[in-house]
Every structure is written in C-alpha cells, then in structure tokens.
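K.L.:
Fold the following and give me the result.
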Amino acid sequence: VMVTFSLIVVLWAVYGYSLAFTEGNSIIGGLDRLFLKGTFDAAKGEFSMAATFSKGTPMYELVFVAFQATFAAITCCLILGSVVERMKFSAVLIFMVIWFTFSYLPVAHMVWFWMGPDAYTDPKLVDELNAKAGMLWQWGALDFAGGTVVHINAGVAGLIGAYVVGKRIGYGKEAMSPHSLTMTMIGAAMLWFGWFGFNAGSALEANGSASLAFMNTFLATACAVLTWIFGEWIFKGKPSMLGAASGAVAGLVAITPAAGNVGIPGAFVIGSVAGLVCLWGVTGLKKMLGADDALDVFGVHAVGGIFGALMTGVFNSQDLGGPGLVTDWVTAKVGSNPIMHQLLIQAKAVGTTVIWTAVVAFIAFKIADIIVGLLLSLATVVYSMTHLAIDVEEAHGSILVTLKGAATFLRMPKLIDRLEQLPHHVPVHVHVARLTYIDHACLDAIAGWERQRNEKHAETVVEWQELMSNYQRANPLAANVPERPVVGAGH
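P.N.:
Numbers count the residues shown, from 1 in each chain. This next block holds a predicted model:
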C-alpha cells in the first residue's frame, strides 16, 4: 500500500495533475502542467494561483496539487483491499499505472474540472466556458469530495479484480476475520478523523460550505455506526466492534459526495440508511455476486458511494433543507433543480463511472496478467496462511511440500487443511528435509495421507486430524524428544 501510494504521488506530479486539472477536452485534460511546470517561477519567486468556488478567492496551486494527490493515491490503494493475499507485487504496480492513467484521471477530469468562478464575467461567455469543463460537470453532476471519483471508481475496479484474480484458498470454507480487531479499531478511528480533512477540505475555503461538510461528515458517520450494529443485532443476533468500524466507513463513504451538497436533514437520512445498505452489500449482495472481495471494497465503497451519490441529488434541494447549487456563475445565484431532474443527472454520472472503471480495470488486470502473471506462487500463498517452516513448489503438474524443523509435525493439520482446498486433480508429494527430527510413525502417517490423497483425491481434513490426534496421544513427547533424526530425501 505504501509503495502504491508513493508511485501514484510521483505519477501525479509527472503527468497526473496536468491530465486531471488542466484544459483539454471533456474527457481528459492537457499537458500544460507536466512535472508541475508553471506552478512556481524560480526566477521571479512567484507561485501560481488556483481557483476555489468563490470569486476573487484563489489559493496557491501547489496546495491544491498536494491535496488532490492524496485523493488519487488513496483511491488506487483502495482497490488493493479486494485482491489481498493473491496478487504479485509486480502485477499490482503494472495494474496501478494503467488504471490510474486511464480510469482515475479521466473520471477526475470529467467530474471536477471546470474553468473556475472568476472566468464567468459575462453571460455571453457561459456556454463557451461550460464547454471546456469535464463532461459530468457539464451535465450538472454533484460530487463534493469523491463519491464517483474515489469510491465508485475504486470499488467497481476492486470487484473486477476479485473476479479476474479469483478466490483465496479456503474462501467460503473457513473464517477469514481480521487478524487484529484492536488494529482495526485504531485504523477506523484514525480514518474518521482524517476524513474531515477530505470532506471539509474539499470546500477549498474556510467558509460555511466547509463547516456544513464538517458537521455532515461527523453526523452521518455516527448514524451509520448505529444502524449497522443494530442491523447486526437484529439479523445476526449480536452487534460487533468490527461492525461498528465497518459502519463508520460506510457512513464516511456515503456522505462524501453529499458532504457540502446536503443539509443536516440529508446527513441524518444518508448516514442512517447507508449503514443498512452497506451491511447488505457485504452480506446478501456479496453472496449473490460470488466474488472474494477480501475487504469489502465493493460492498462498502462502491455500494455506499452509489447510494450517497444518488441521495445527493435528492437532498441537495432547498425544499429538503439542502444548500442548493449555483445556477448562475456570473452572478453566483443559488437555486435548486427539481429533485427528479437532479437525481437523473446523478444516476447518469454513476452509470458512466461504473462502466468506465469496469472496462479499464478489466483491461488493466489482463495486461498485467500477460506481462508478469497476476497470482502469487503457491509457496507464497501457503506460507502466508500457515507460517509453517516449509517449502512449496509447483513442478510437472504436482505440488511438492518440503517439511523442515522439529516442530513441523504438530502443525501439519493446519497445512493439510489448506492443501485440501487445492483442486483434487493436483497430486501432492510430501518430502522431509535432511536433519529434520521426525520418527518413523510420523513418516508413516504422512506417507499414508499422501497416498490416500493422491489415490482417492477425497481424503478429508477430519480424518487427517483424527490421525494426528491418535498419534499425539500415543507419542506426547514426539516433537520435543524425537526418536532419531531422519537423514535423507523422501520417505
């Protein structure tokens, strides 16, 4: 994740910012800011300025560059949550370069690029200036801090990745809960706090819009925490701290496109419903889709982002307590579109983003697969799950497992449990390394398992564990006081 974050920050400074936030066409920007050219004049000591959302209130462009770099980098990192424990590091980097260039940058440009309020000086210029903005901006789509650009964009790409990369060994047959709920809660708390910077900061000014985004982010997230855990309580019989953390993320995601675009009533509704919608997204919908989205990037980020983006079209209306939108940038007049009209615009923006990122992600994963292959080696996967002192290699259509270390035997059931998830047509051969302290009874047990596994392809984990238990009861000190070392290869 850190390497991906760093990679995207570098690419952002090289060409990303220029393609996202300079004038080009309605799909992608230009090359005026390659390597951030023009943001600082060293000879004159002058810094370029960028527009905000108020006339005569510019900000230093480099501040905007850095702020938007965090959005770009974090969006790419989000995708990794869908494919953890499966992809090669090299494949991740190749995918990220392609997806960032051809999905994140165009979507960011289409949603967020416009000519700025100071350019609107005469009604005669409005049509010309609007034509230079991004396509979704021209449609009138509202996305305050990244519902489409960040969450839908990354969430859908993650789902595509989960399908293309495939499922983890043991998925659906064993629990795969977080390894540390303590770390999960620390991360969720830090995320909630940091999200204020994203949402309130997207106002680009310390004004009423920023304060509204700040409070909405606070309120919607708290509502989502409560509805998620009460939903768990009702449907699963008890609430959980993992559910509370997930609910917080769901609320943060859903309020992101709406943060400064809805009023307090909207925050109550969006946050409360988002907790239940995303709970369904990571349970019922996830089962329907059948993908191994490891950290529920689609179920929380895409589903929450879609819900929040659509509800922005509803609760932006001043009739429902929303702030409305600027209907005339020449005079800065504020009004509201009819709710169904704005909802349709939001739906078109959501649909465009979903299709765009899905196509680009699929192509990017396939290119990475062609160049270096997507999947980790079997040895890496097995070791990451078992932490056993073993070597695993694939050769001639079979799997060779090499046992190493005196204590390996007593941990073998965990290894076998994983190996049993492999396709049954793949033969497994167990090899005992030199100087491994293991007695003949143990060797016989291993040989027996291997023989039955490869002859019948139906040996169960339960039978193996019973074999282990019987042996351990008969030889309680076998791992600590071995009968004699076995020297040589094989058994």
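
K.L.:
residue boundaries of the helices in the stretch 51-200 of the chain?
P.N.:
Using DSSP state H, counting those that start in this stretch, the helices of the stretch 51-200 of the chain run over 61-80, 89-99, 105-112, 126-131, 135-139, 153-165, 181-201.

K.L.:
what about those, which gets the closest to Ser6?
P.N.:
Closest to Ser6 of the helices of the stretch 51-200 of the chain, according to C-beta to C-beta: helix 61-80, at 7.9 Å. Glycine gets a C-beta too; all of them are placed from N, C-alpha and C.

K.L.:
re earlier: can you lay out the helices of the stretch 51-200 of the chain as JSON lines showing mean neighbour count, mean pLDDT and distance to Val334?
P.N.:
Below are the helices of the stretch 51-200 of the chain laid out as JSON lines (neighbours: other C-beta atoms under 10 Å; pLDDT from 0 to 100; distance: least, C-beta to C-beta, whole Å):
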{"stretch": "helix 61-80", "mean neighbour count": "20", "mean pLDDT": "98", "distance to Val334": "24"}
{"stretch": "helix 89-99", "mean neighbour count": "20", "mean pLDDT": "97", "distance to Val334": "37"}
{"stretch": "helix 105-112", "mean neighbour count": "26", "mean pLDDT": "98", "distance to Val334": "20"}
{"stretch": "helix 126-131", "mean neighbour count": "13", "mean pLDDT": "96", "distance to Val334": "16"}
{"stretch": "helix 135-139", "mean neighbour count": "19", "mean pLDDT": "98", "distance to Val334": "17"}
{"stretch": "helix 153-165", "mean neighbour count": "27", "mean pLDDT": "97", "distance to Val334": "29"}
{"stretch": "helix 181-201", "mean neighbour count": "16", "mean pLDDT": "95", "distance to Val334": "20"}
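
K.L.:
What's the end-to-end length of stretch 80-90?
P.N.:
Its first and final residues considered, stretch 80-90 spans 13 Å by C-alpha to C-alpha, to the nearest Å.

K.L.:
Identify the residues contacting it?
P.N.:
The contact list for stretch 80-90 (C-beta atoms under 8 Å, 6 or more residues apart in numbering) reads 1, 3-4, 92, 95, 157-159, 161-162, 165-166, 168, 291, 293-298, 372-376, 381, 384-385.

K.L.:
can you check stretch 195-208 too?
P.N.:
Here stretch 195-208 has contacts from 52-54, 57, 59, 64, 67, 70-71, 144-146, 209-211, 213-214, 216-218, 221, 252, 255-256, 259-260, using C-beta under 8 Å, 6+ apart.

K.L.:
Give me the subset of these lying in strands.
P.N.:
Mapping the contacts of stretch 195-208 onto strands (DSSP state E) picks out Met59.

K.L.:
Now list the buried members of the contacts of stretch 195-208.
P.N.:
52-53, 64, 70-71, 144-146, 209-210, 213-214, 216-218, 221, 252, 255-256, 259-260 (16 or more other C-beta atoms under 10 Å).

K.L.:
measure Gly351 to Glu46 for me?
P.N.:
Per C-beta to C-beta, to the nearest Å, Gly351 is found 43 Å from Glu46.

K.L.:
and those two? which has more neighbours close in?
P.N.:
Neighbour totals were compared for Gly351 and Glu46, and Gly351 leads with 12 against 9 (other C-beta atoms under 10 Å).

K.L.:
Next up, phi/psi of the closest residue to Met49 other than its chain neighbours, please.
P.N.:
Distances taken as C-beta to C-beta, 6 or more residues apart in numbering place Pro58 nearest to Met49, at 3.9 Å, with adjacent residues excluded. Pro58 adopts backbone torsions of phi -80, psi 170, taken as degrees, to the nearest 10.

K.L.:
was I right about Pro58 contacting Ala50?
P.N.:
Yes: in this structure, Pro58 is within contact of Ala50 by C-beta atoms under 8 Å, at 6.3 Å.

K.L.:
mean confidence score for stretch 222-234?
P.N.:
Averaging pLDDT along stretch 222-234 gives 97.

K.L.:
who's in contact with Asn216?
P.N.:
Asn216 neighbours (C-beta under 8 Å, 6+ apart): Asn199, Ile255, Ala258, Ala259, Gly260, Val262, Ile264, Gly266, Ala267.

K.L.:
repeat that for 6 Å
P.N.:
Ile255, Ala259, Ala267 (C-beta atoms under 6 Å, 6 or more residues apart in numbering).

K.L.:
Look up the pLDDT of Ser177 for me, please.
P.N.:
76.

K.L.:
so which helix or strand takes in the nearest residue to it once chain neighbours are set aside?
P.N.:
Spatial nearest neighbour of Ser177, excluding adjacent residues (C-beta to C-beta, 6+ apart): Leu242 at 7.3 Å. In the assignment (DSSP states H and E), Leu242 maps to helix 241-255.

K.L.:
I'd like the helices of the stretch 51-200 of the chain written out as JSON lines, with distance to Ile8 added.
P.N.:
Output for the helices of the stretch 51-200 of the chain, formatted as JSON lines (distance: least, C-beta to C-beta, whole Å):
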{"stretch": "helix 61-80", "distance to Ile8": "4"}
{"stretch": "helix 89-99", "distance to Ile8": "7"}
{"stretch": "helix 105-112", "distance to Ile8": "11"}
{"stretch": "helix 126-131", "distance to Ile8": "30"}
{"stretch": "helix 135-139", "distance to Ile8": "22"}
{"stretch": "helix 153-165", "distance to Ile8": "12"}
{"stretch": "helix 181-201", "distance to Ile8": "16"}
